[in-house]
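Enquirer: sequence first, predicted coordinates after that:
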Amino acid sequence: MNPTTNALLAAAWFCLAGTVSAQTGAWTATRNLEGPFAAGSIPEPPLVAMNAEGRALLAWNATGIVRWAEHVKGGGWLPRGNVPGGGSGAGPVALALGNSGAAAVAYTTVATRYTPSRLMVSVRPAAGSFGAAVEPAPGSVAGAIKLGIACDGSVTLLWGDASALWASTLAGTGRSPGACDGQPGAGPWSAPVQLSNAHVGAALPGLVVNDAGAALAVWQQGAPGNPSAIVAAYRPAGGSWEPAQTASAPTARATWNPKAGLDATGAAAIGYLDGQGMVVVARTPAGAWSAPALVSGSQAAAYPAFAMSAAGDMLVAWLAQDPLTGSSEIWARVAASGAGWSAARRLSALSDQAGWPSAAFAGDGSVAIVGWTDDAANVAKASVYAAGTWTRRNLGTGYWGGPMPVAAGAAAAVAGWAMPNLANPNAAKLVARAWE
């Protein structure tokens, strides 16, 4: 093989692995959010959100206290804060940051012998402080929780209990014509609406809300370990929740782990696993769900990740296995709005033993990001897609099997994860890094 051929093959491999770049963005220094903690169970990573200004908000509960941190694009990290009433937080935690600057954090409290667990939400107006937490649905014992905020300031809450999935909304103050400036109202929250059928095994819920206030809730339905359908409930902007619909096709294979997307017009999409294939289904605001489109090709896919921009650009990522080495690897594809899917691209390095991926797409389509942990070296990694190019970066040490949530917005991105304490790897701290 001549030197020219060698050079061409090398260039092709680097492009495939996502390491060639003309990007101008860079990762900031690692921010210690909390810790190190005493040796014991590794804490869950922080939740991350980013709005159209590139402002990032993170929330977590590692010690029974719900906390938040914030990064301003071009302005660095702000002092960490505690969520009001979150001193008895038991987890799980939910987080939302609207393009109006409004924010919300939800959590559950610790149950005692005399006091049941409570589902609480604290909201914050732009340039304001988190207010006293309120209980939107008294008596609810929540499992998974999700939040979303629209430009009119309305806050949508999704949660699951032992019987079903429920939703409630806090009305906003409204928005100025052509602006995104609404803030959360004084309440009360709307009466809970039951989205899923009772006792059907609704699990792994997701929620997305667009600027206009349209919302999409998704979940897998069926027996634990063998879910049989992906189900979705849609709420048009200014309207009420429509009856839930089965979005997946009846393939007789297990359907898993749905991830939702919603563009500015209200067009929706869901990425999920159908057996060992990653597929995407879509619908217009008033239409039916499409037939599933296979995006993972002939690969046996696991742990799907999906994200959608306000313009309708889509990003898929999945975990696959190298047929020669047996190592786990991360693959991704991008589809610009109205265009077909790009060729599948390997984002992880050949030496990686990759953990499950996370994905995000900036609302303006400027940046997409996929994050994962290399279990072979216990390193947190991310690949950023900007200007048509993927660029991979090692972000710092991580934990085997540890997820790394990511978010993106306005030519910026953020990632958060649990990092081992150098003095004692059985202890950990929660950290984050921003890309801008």
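Expert: Arrived safely, thanks for sending. Because the structure is a prediction, the values reported are computed rather than measured.
Enquirer: tell me where the model's unsure across the protein.
Expert: Under the criterion pLDDT under 70, the flagged ranges of the chain are 1-23.
Enquirer: if we use 50, what do you get?
Expert: 1-22 (pLDDT under 50).
Enquirer: for the residue lying closest to residue 135 once chain neighbours are set aside, what are its contacts?
Expert: Spatial nearest neighbour of residue 135, chain neighbours left out: residue 118 (5.3 Å); criterion: CB to CB, 6 or more residues apart in numbering. For glycine as for every other residue, the C-beta is placed from the backbone atoms N, C-alpha and C. Neighbouring residues of residue 118 by CB atoms under 8 Å, 6 or more residues apart in numbering: 108-109, 135, 138, 140.
Enquirer: now flag whichever of those residues is closest to residue 173.
Expert: residue 135 (21.6 Å; CB to CB).
Enquirer: against residue 287, how distant is that closest one?
Expert: Using CB to CB, to the nearest Å, residue 135 is found at 37 Å from residue 287.
Enquirer: more neighbours: those two, which one.
Expert: Ranked by neighbour count (other CB atoms under 10 Å), residue 135 and residue 287 place residue 135 first, with 14 against 10.
Enquirer: CA atoms only for stretch 146-153 - export them in CSV, please.
Expert: C-alpha atoms of stretch 146-153 as CSV (Å, rounded to 0.1, in the frame of the first residue of the first chain):
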residue,chain,number,x,y,z
LYS,A,146,-40.3,15.5,34.3
LEU,A,147,-40.7,19.3,33.7
GLY,A,148,-41.0,21.7,30.8
ILE,A,149,-41.4,25.5,30.4
ALA,A,150,-43.0,27.4,27.5
CYS,A,151,-42.4,31.0,26.4
ASP,A,152,-45.6,32.2,28.1
GLY,A,153,-44.1,31.1,31.4
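Enquirer: where along the stretch 151-300 of the chain do the strands fall?
Expert: Counting by DSSP state E, counting those that start in this stretch, the stretch 151-300 of the chain has strands at residues 155-160, 165-170, 193-194, 203-209, 215-223, 226-235, 245-246, 255-262, 268-274, 277-283, 293-294.
Enquirer: where do the strands of the stretch 301-436 of the chain begin and end?
Expert: Using DSSP E, counting those that start in this stretch, strands in the stretch 301-436 of the chain cover 302-308, 314-321, 328-335, 345-346, 358-361, 368-374, 379-386, 389-397, 406-408, 413-421, 424-435.
Enquirer: make TSV out of those and add distance to residue 98 and mean neighbour count.
Expert: What follows is these, written out as TSV (distance: least, CB to CB, whole Å; neighbours: other CB atoms under 10 Å):
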stretch	distance to residue 98	mean neighbour count
strand 302-308	17	25
strand 314-321	21	25
strand 328-335	25	22
strand 345-346	32	20
strand 358-361	16	26
strand 368-374	20	28
strand 379-386	23	25
strand 389-397	27	19
strand 406-408	13	29
strand 413-421	16	27
strand 424-435	19	20
